[in-house]
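Novice: Pasting the sequence and the predicted model now:
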Amino acid sequence: MPDYIYKTIDPSTGKQVSVNISANNQNEATNLVLERGLQPIQAKQKRANLLGGLTGRIKRRDKILFTNQLSTLISAGLPLLQSLQQTSLQMKNKNLKRIIDDIVSSIESGSAFSDALAEYPKYFDQIYINLVKAGEASGTLDTSLERLAIQQEKDGDLVSKIKGALIYPIIVVFVIIGVVSFMLIFVLPQVVVFYEQFDKPLPWITRVLIAVSDSLVDYYYVYILVALGAVIALNRALKTPKGKSFADHSKLKFPAVKSLMSKVYMARFTRTVGTLFASGVNLLETLAIIAKGINNMHLEAAINRSSSLVREGKSLSSSLENEPLFLDLVPSMISIGEQSGRTEEMLLKAAVYYEKEVDKQIKALTTTMEPVLILTVGGIAIVIVLAILLPVYSLIQDNPSFGAG
């Protein structure tokens, strides 16, 4: 989503105000400026530099730091504007610092904090904006921000654990590819040259690897182009509705990952809904927010179906009971909360349970993968060693003096 820089006039003060707007196009950006009661006099799209994808990035930990610092300053009694200005001074991420300064300008022009955040949907999602809006309405902005920071940290922990579990096998796979390619391209051809002088037929396993080696050497560019083409095609396919649907369905149904991913989604659902409930966001709005934030098309559809039933008068627990994608504990904990009047507490307890389960399952998965990877590496090494040594064994059998010499 591009950024637009506007020079505007604030009619209430007559002063010139510069604002930064994130929008899909300039017409949408202009409408956002007008909605804030400002009169645009000049607009230009901010150009992205070659490293824009890196320099413009705001990491999760930067947002958590911003949220925590702002919560601490507001709870200490500082006004919102002063808290934002102090937070901006301490912010090392230049892009986030610029956004905070723009938010300060928006608030000084009369916008609410939540509305100013809504101008940057790329960085602040609906969960963030609605929790801030609830805090503004109830006068507990510091508490809402604290809950937000906790929710972000927990969600970040889940993502980090999954990525961490994948790093080891990915590294091993790349090492295997590198070593095998080196052996086939550089080592095996030299061994073949040595064997050719004896005019003996080579074992089938050696001939197969020689064919693979020749193919890699002669058509390496084809393999590279095919690999790049496959990556680009897969990336594009996953961005289509059908591709995303297939990927999301696989996460929930593929045997190797369905248990882990189901628990990850349940942890995200229960913590987010519990946090929104605790901040005073109403149930239907909460379900609409989490449906968009769950990041899975099939779970989004299930939440929307449950939301329709809630709108008709059913309880949340009974609405989720017949949804097979939701694990049994979730509606059970919600039902207990509904009966005792502590729904948000039960949801957050369920979130803690699933977060611990995810941690255990990732550790178990990592432990299981290690011997599998070791056996894979060992198997490949044995094949290459056999391809090299079997001809030697054949030569020794046919010519005993070769071995003795």
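Specialist: That came in fine, so what should we check first?

Novice: Name the helix or strand of this structure that has the lowest mean pLDDT.
Specialist: helix 52-55 (a mean of 46; mean pLDDT, DSSP states H and E).

Novice: Specify the next element, helix or strand, located C-terminal of it.
Specialist: helix 60-75 (DSSP states H and E).

Novice: what about dumping the CA coordinates of the following helix or strand past that following helix to PDB?
Specialist: Downstream of helix 60-75, the next assigned helix or strand under DSSP H and E is helix 80-90. What follows is helix 80-90 as a C-alpha-only set of coordinates in PDB (Å, rounded to 0.1, in the frame of the first residue of the first chain):
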ATOM      1  CA  LEU A  80      -1.300  10.700  25.300                       C
ATOM      2  CA  LEU A  81       0.400  13.300  23.000                       C
ATOM      3  CA  GLN A  82       3.400  13.700  25.400                       C
ATOM      4  CA  SER A  83       3.700  10.000  25.700                       C
ATOM      5  CA  LEU A  84       3.800   9.500  21.900                       C
ATOM      6  CA  GLN A  85       6.400  12.300  21.600                       C
ATOM      7  CA  GLN A  86       8.600  10.700  24.200                       C
ATOM      8  CA  THR A  87       8.200   7.300  22.600                       C
ATOM      9  CA  SER A  88       9.200   8.800  19.200                       C
ATOM     10  CA  LEU A  89      12.400  10.200  20.700                       C
ATOM     11  CA  GLN A  90      13.400   6.700  22.000                       C
END
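
Novice: Need the residues that contact the next helix or strand after helix 80-90.
Specialist: Counting by DSSP H and E, the element after helix 80-90 in chain order, helix or strand, is helix 94-108. With C-beta atoms under 8 Å, 6 or more residues apart in numbering as the test, helix 94-108 has contacts from 17-20, 36, 55-58, 62-63, 66, 80-81, 84-85, 87-88, 91, 113, 115-117, 119-120, 123. Using the backbone N, CA and C atoms, a C-beta is placed for each residue, glycine as well.

Novice: Over to stretch 186-201?
Specialist: With contact meaning C-beta under 8 Å, 6+ apart, stretch 186-201 is reached by 202, 206, 209-210, 213, 217, 384, 387-388, 391, 394-395, 398.

Novice: got it, and stretch 66-85?
Specialist: With contact meaning C-beta under 8 Å, 6+ apart, stretch 66-85 is reached by 86-87, 90-91, 96, 100, 103-104, 107-108, 113, 141-143, 145-146, 148-149, 152.

Novice: any idea of the mean pLDDT for it?
Specialist: Stretch 66-85 shows a mean pLDDT of 91.

Novice: which parts of that stretch are buried?
Specialist: Buried residues in stretch 66-85, counted by 16 or more other C-beta atoms under 10 Å: 66-74, 78, 80, 83-84.

Novice: Show the buried residues in the contacts of helix 94-108.
Specialist: Applying 16+ other C-beta under 10 Å to these flags 17, 19-20, 36, 56, 58, 62-63, 66, 80, 84, 87-88, 91, 113, 115-117, 119-120, 123 as buried.

Novice: Return the closest of the buried residues of stretch 66-85 with respect to L316.
Specialist: Nearest to L316 among these, counting by C-beta to C-beta, is T67 at 27.2 Å.

Novice: List the residue ranges of the chain that fall below the pLDDT cut-off.
Specialist: 1-2, 24, 46-56, 398-405 (pLDDT under 70).

Novice: what's N296 in contact with, if anything?
Specialist: 248, 251-252, 265.

Novice: Can I get stretch 255-269 in CSV, CA atoms only?
Specialist: Extracted in CSV, the C-alpha atoms of stretch 255-269 (Å, rounded to 0.1, in the frame of the first residue of the first chain):
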residue,chain,number,x,y,z
PRO,A,255,-1.1,-35.5,8.8
ALA,A,256,2.4,-34.3,9.5
VAL,A,257,1.3,-30.8,10.6
LYS,A,258,-2.5,-30.7,11.2
SER,A,259,-2.2,-31.3,15.0
LEU,A,260,0.4,-28.6,15.5
MET,A,261,-1.2,-26.0,13.2
SER,A,262,-4.7,-26.6,14.7
LYS,A,263,-3.3,-25.8,18.2
VAL,A,264,-1.5,-22.8,16.8
TYR,A,265,-4.8,-21.5,15.4
MET,A,266,-6.7,-22.3,18.6
ALA,A,267,-4.0,-20.4,20.7
ARG,A,268,-4.3,-17.4,18.4
PHE,A,269,-8.1,-17.5,18.4
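
Novice: How far does that stretch sit from its chain's centre?
Specialist: Here stretch 255-269 is found 14 Å from its chain centre; the criterion is C-alpha atoms, centre = their mean, to the nearest Å.

Novice: Report all helices and strands that the helix or strand containing T275 contacts.
Specialist: Per DSSP H and E, T275 falls inside helix 258-278. The elements that helix 258-278 packs onto, with contact taken as 3 or more C-beta pairs under 8 Å, 6 or more residues apart in numbering; DSSP states H and E, are helix 126-138, helix 141-182, helix 241-253, helix 283-293, helix 297-311, helix 329-340, helix 343-398.
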